[in-house]
Every structure is written in C-alpha cells, then in structure tokens.
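Visitor: Prediction below, plus the sequence it came from.
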Amino acid sequence: MSRIGRAPISIPDGVTVKVNGQNVEVSDGKTKLSQEIHPAIKVEVKDNEVLVTRSSEDKEDRALHGLMRSLINNMVIGVKEGFQKTLEVNGIGYRAQLQGSKLVLNVGYSHPIEFEAPAGITLEVPAPNRIIVKGADKQLVGEAAAKIRASRLPDAYKGKGIKYDYEVLRLKEGKSGA
C-alpha cells in the first residue's frame, strides 16, 4: 500500500478543507485553492485531518493515491505558508527590476524582456541580480520561475544567465582545455 497516500494530512488552525463530490477546496479566508480528484480516489475530512483512500489495488489507482494526497497536502501548505523560488541573474550588465507588477529583465538582448506575473503570484526584486517568486500554488510558482529562467538560460562556458539559487553550474573549459 502507498506509504505517502496512507498518511493523514493534518489541517492547521485557520485553514478549512471542503470536499464537494470530486472537488477539494482549501482556503484560509484570503487564499483559496481547489483540485479536481480522480474518481477512483476518495477524500474525506475527519477529526481535523484529511484522509485519502483508493477504491482498488490497480497499478493506476495505487499511483494516483499518493499523487492526490501530495496535491492536497501542497494546497494545505501553500495556503498556510506559501511557496517561493529564488532566481539569480548572473552576467555583466544583466539585471532585473519591477515596474508595477511587471518584471523587466535586461539580460543581453537588444531589447528588455517583460514578464507579467500570473494571478496568484507575487514577484520581488530585493537586488538587481535576485528575483523571488512567491505564491500559494506550488505548480504555478514553479511554472512562473521556469518561464523567467527560460528567458536566458545559464551559459555553459561563462555562467551568464538566470539560474535557481540552489543550482550548481559546472562550467566547461572551452577551446584551451583540449
């Protein structure tokens, strides 16, 4: 049986979880997230905990069991604490700045790249070479950070570009290393 799927999800104070048929809604008053649940998976709320069960032992149902539990757990964590990803801009003359809710990147192209934050995502630029993407939806935070990073991927020879703060670049030697 799935170890992840079996684990109950404790609901912190101030967070409400509602199950409407095959739809689960998690909210804390100001932030609200919802997720459609697969028909083979059953979700119920008991004693301030969310329990996820499956209907059969099929391979697909076993896989979906842990997935649905993880998605609901991420919604609870996102509503309570939120998620964030930090990006670093490396390169001479490369910088990021906020203009309203729009992120403007100068990363070596002939024109600045503008990135509009999707609904539910907040962008912060504490320094010209640092971008923080915050939000309650884990998937949306990761997707927004990936789109920003894709505007100038890190270079393998000089390390110039936009990278995650935890990302370690292994630089190539170039022609002289042969």
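Guide: Now that the structure is in, tell me what you want to look at. Source: prediction; values computed, not measured. Numbers count the residues shown, from 1 in each chain.

Visitor: And the helix-or-strand element of the chain with minimal mean pLDDT, how far out from the chain middle?
Guide: The least trusted helix or strand in the chain, going by mean pLDDT, DSSP states H and E, turns out to be helix 3-6, with a mean of 84. The chain centre lies 22 Å from the centre of helix 3-6; the measure is Cα atoms, centre = their mean, to the nearest Å.

Visitor: ok, which stretches of this protein are strands?
Guide: 9-10, 16-20, 23-27, 32-36, 41-46, 49-54, 83-90, 95-99, 102-106, 113-116, 121-127, 130-135, 161-164 (DSSP state E).

Visitor: Now render those as JSON lines, adding mean neighbour count.
Guide: Quick note: C-beta positions are derived from backbone N, CA and C, even for glycine. Formatted as JSON lines, the strands of the chain follow (neighbours: other Cβ atoms under 10 Å):
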{"stretch": "strand 9-10", "mean neighbour count": "16"}
{"stretch": "strand 16-20", "mean neighbour count": "14"}
{"stretch": "strand 23-27", "mean neighbour count": "18"}
{"stretch": "strand 32-36", "mean neighbour count": "15"}
{"stretch": "strand 41-46", "mean neighbour count": "15"}
{"stretch": "strand 49-54", "mean neighbour count": "19"}
{"stretch": "strand 83-90", "mean neighbour count": "18"}
{"stretch": "strand 95-99", "mean neighbour count": "15"}
{"stretch": "strand 102-106", "mean neighbour count": "17"}
{"stretch": "strand 113-116", "mean neighbour count": "13"}
{"stretch": "strand 121-127", "mean neighbour count": "15"}
{"stretch": "strand 130-135", "mean neighbour count": "20"}
{"stretch": "strand 161-164", "mean neighbour count": "19"}
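
Visitor: and of those strands, who's closest to Ile77?
Guide: strand 83-90 (7.6 Å; Cβ to Cβ).

Visitor: where's the nearest residue in space to Arg3 that is not next to it in sequence relative to Glu49, distance?
Guide: Closest residue to Arg3 apart from its sequence neighbours, by Cβ to Cβ, 6 or more residues apart in numbering: Gly66 at 7.8 Å. According to Cβ to Cβ, to the nearest Å, Gly66 stands 17 Å off from Glu49.

Visitor: and if you look at Pro39?
Guide: Counting by Cβ to Cβ - Pro39 and Glu49 are separated by 22 Å.

Visitor: With Lys134 instead?
Guide: 27 Å.

Visitor: Thr122 pairs with what?
Guide: Residues in a beta bridge with Thr122, per DSSP bridges, are Lys134.

Visitor: any chance of the strands of the chain in a markdown table, with mean pLDDT and distance to Asp155 too?
Guide: Shown next, in a markdown table, are the strands of the chain (pLDDT from 0 to 100; distance: least, Cβ to Cβ, whole Å):
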| stretch | mean pLDDT | distance to Asp155 |
| --- | --- | --- |
| strand 9-10 | 92 | 42 |
| strand 16-20 | 93 | 45 |
| strand 23-27 | 94 | 41 |
| strand 32-36 | 94 | 37 |
| strand 41-46 | 92 | 44 |
| strand 49-54 | 92 | 44 |
| strand 83-90 | 96 | 9 |
| strand 95-99 | 95 | 17 |
| strand 102-106 | 95 | 15 |
| strand 113-116 | 95 | 16 |
| strand 121-127 | 95 | 21 |
| strand 130-135 | 96 | 18 |
| strand 161-164 | 95 | 5 |
